[in-house]
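Engineer: Sequence first, then the predicted structure, then my questions.
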Amino acid sequence: MIKTAGELITQAQKQIDCVNPVEAKSLFDSSDDAVIIDVREAKNYDESSLNDSISIPRGLIEMLIEKNCQNADTLILTHCAGGGRASLAALTIQEMGYSNVHAITATFAEIKEAFD
């Protein structure tokens, strides 16, 4: 049976911790070593990004996460333009052994507003 992207996202969101922008900002502010990962394409990141975020497009998560986050307990917040790619990336990062991963499931505009 073929699964749609929406089905994969829904399945991922049942296995990860999804947070709204306000919760994400609170987590970020209370952490000394948080990493915000923008999983949108590099072009989108270059056009507009959050302060303190790093760009790792979803397709490169497995190859680049360790370079940017060596500690398995580091707070990792993933975000994209609407929450879908962030959820899929968070699940992958979690499956790789990171234990403090959260996907921000909101629009980029909502996330940017909470973090600015």
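Structural biologist: Looks like it came in fine. Residues are numbered from 1 along each chain as shown.
Engineer: in what helix or strand does the residue nearest the centre of the chain lie?
Structural biologist: In the chain, the centroid-proximal residue (C-alpha atoms, centre = their mean) is Thr78; its distance is 0.9 Å. For Thr78, the host element (DSSP states H and E) is strand 76-79.
Engineer: Beyond that strand, next helix or strand please.
Structural biologist: Strand 76-79 is succeeded, C-terminally, by helix 84-95 (DSSP H and E).
Engineer: chain center to the very next helix or strand once past that next one: distance?
Structural biologist: Following helix 84-95 in sequence order, the next helix or strand is strand 101-104 (DSSP H and E). Chain-centre distance of strand 101-104: 5 Å, with C-alpha atoms, centre = their mean, to the nearest Å.
Engineer: Ok, stretch 71-81 next?
Structural biologist: 5 Å.
Engineer: Stretch 95-112 spans what distance, first to last residue?
Structural biologist: Stretch 95-112 has an end-to-end distance of 27 Å (C-alpha to C-alpha, to the nearest Å).
Engineer: repeat for stretch 10-19
Structural biologist: Distance between the two ends of stretch 10-19: 14 Å, counting by C-alpha to C-alpha.
Engineer: Other residues contacting that stretch?
Structural biologist: 3, 27, 77, 83, 87-88, 90-91, 94, 101-105 (C-beta atoms under 8 Å, 6 or more residues apart in numbering). In short, each C-beta sits where N, CA and C put it, glycine included.
Engineer: And stretch 93-102, by the same measure?
Structural biologist: Here stretch 93-102 has contacts from 15-19, 23-24, 27, 61-62, 65, 69, 72-78, 90, using C-beta under 8 Å, 6+ apart.
Engineer: how about the helices in this structure?
Structural biologist: For the chain, helices defined by DSSP state H occupy the ranges 5-13, 21-29, 42-47, 61-68, 84-95, 108-115.
Engineer: Out of those, flag the one nearest Ile54.
Structural biologist: The minimum distance between Ile54 and these falls on helix 61-68, with 5.7 Å, by C-beta to C-beta.
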